[in-house]
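Peer 1: Dropping the sequence and predicted coords here.
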Amino acid sequence: MVKRTRWADMDKNETPFAKLRAGYQVYNKTTGKSPHTVRWYDERLELFQRFVGPTANLTDVAIPTARAFIAHLQERTTKNPNNPFVLNKAKPLSSSYIQGFARALRAFSTWLHEDGYTDTNILRALKPPRIQQKVVEVLTDDEVNRLVGTFDQEDPFGSRNFAIIWTLLDCGLRASELCSLKMDDAHLAQGYLKVLGKGNKERLVPIGHRCQEALLRWRDRFRRLFEVVETVPVPQLERRTPHGARFGGDGEAGRRPRPACPASTATC
């Protein structure tokens, strides 16, 4: 007979960290976080799991372990030491990059507490490292003029790139926000854009006169040249053999017979 035990009374200390991480990923997906945000949290928890080891479980989510992990990141001199396809530069990891791991662990600890895996928020007292404040260098007027002056506005691609650069300079959009803009989001006559940003939040961004002119020029003169013509796929007719096997569908049984290769050739 199965013993009835309440969730609060169960011993969860041996729960594998990989299982907890997967549950937190599902939580982030179902609470409306963007795919980029879901991936951001999971990548940082995966690196923490590698640091702890293959036997990581719930007991490893503790302040001493988290602090040791952060100290390990501060001592590293390469960002991707195990990736042969990335050119690693020998320099310490940035303070903002390391702080992201502390934030991810604290958010993960909050979810563990809210979901009943822990009695308290274990990592609530974990203090993220301070971020080094850097002065942002902005482009001078001469640099802006030289940048936008490289585009031929009478060329379709030049006009498009000119409008892209002016929108970035004038509105301060993220690259992902710019790429997700649609024609319905551009209210050029009224002088603003409707932008979908982080956290799936929309905001209205005003545009200046030169940006408005650049977008109007590209839209009215060249945008139609970039429109993709959608083609409707022609469905294949299915033929059945006397035994019920199909030809023309998916899978081995559904594939059409391939013509034999000539004896004089190695491949078709």
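Peer 2: Happy to help now that I have it. Residues are numbered from 1 along each chain as shown.
Peer 1: Now find how far off-centre the helix ranked longest in the chain is within its chain.
Peer 2: Determined from DSSP state H, the single longest helix within the chain is helix 95-114. Distance, stretch centre to chain centre, for helix 95-114: 18 Å (CA atoms, centre = their mean, to the nearest Å).
Peer 1: Report the buried residues of that helix.
Peer 2: 95, 98-102, 104-109, 111-112 (16 or more other CB atoms under 10 Å). Just so you know, the C-beta spots here come from the backbone N, C-alpha and C atoms, and that holds for glycine as well.
Peer 1: helix or strand for the residue nearest the centre of the chain, which one?
Peer 2: Centrality entry for the chain: nearest residue to the mean C-alpha point is His36, 2.6 Å, by CA atoms, centre = their mean. His36 belongs to helix 35-52 when assigned by DSSP states H and E.
Peer 1: go on, Val144?
Peer 2: Residue-wise, Val144 maps onto helix 141-148 under DSSP H and E.
Peer 1: After that helix, which helix or strand is next?
Peer 2: Using DSSP H and E, the first helix or strand after helix 141-148 is helix 156-171.
Peer 1: what packs against the next helix or strand after that following helix?
Peer 2: Per DSSP H and E, the first helix or strand lying C-terminal to helix 156-171 is helix 175-179. On a contact count with 3 or more CB pairs under 8 Å, 6 or more residues apart in numbering; DSSP states H and E, helix 175-179 meets helix 156-171.
Peer 1: Buried residues, the helix holding Val144. List them.
Peer 2: Val148.
Peer 1: Against which helices or strands is it packed?
Peer 2: Packed next to helix 141-148, using 3+ CB pairs under 8 Å, 6+ apart, are helix 156-171.
Peer 1: ok, the residue nearest to the centre of the chain to Arg224 distance?
Peer 2: Applying CB to CB, to the nearest Å, the value for His36 to Arg224 is 31 Å.
Peer 1: what's the longest helix of the chain in contact with?
Peer 2: Contact with helix 95-114 is made by 20-21, 24, 27, 40-41, 44-45, 47-48, 58, 61, 66, 69-70, 73-74, 79, 118-124, 126-132, as judged by CB atoms under 8 Å, 6 or more residues apart in numbering.
Peer 1: among the residues you listed, which ones are buried?
Peer 2: 20-21, 24, 27, 40-41, 44-45, 48, 58, 61, 66, 69-70, 73, 118, 122-123, 126.
Peer 1: Report the distance from stretch 171-182 to the chain centre.
Peer 2: The answer for stretch 171-182 is 14 Å, by CA atoms, centre = their mean.
Peer 1: how far does that stretch stretch from start to finish?
Peer 2: For stretch 171-182, the first and last residues are 16 Å from each other (CA to CA, to the nearest Å).
Peer 1: Now that stretch: buried residues?
Peer 2: Cys171, Leu173, Glu177, Leu181.
Peer 1: tell me the mean pLDDT for the helix or strand in which Ala22 is found?
Peer 2: Element membership of Ala22 [criterion: DSSP H and E] is helix 17-30. Averaging pLDDT along helix 17-30 yields 96.
Peer 1: What of stretch 212-224?
Peer 2: Averaging pLDDT along stretch 212-224 yields 91.
Peer 1: got the contact list for it?
Peer 2: 153, 156, 159-160, 162-163, 166-167, 183, 186, 188, 191, 207.
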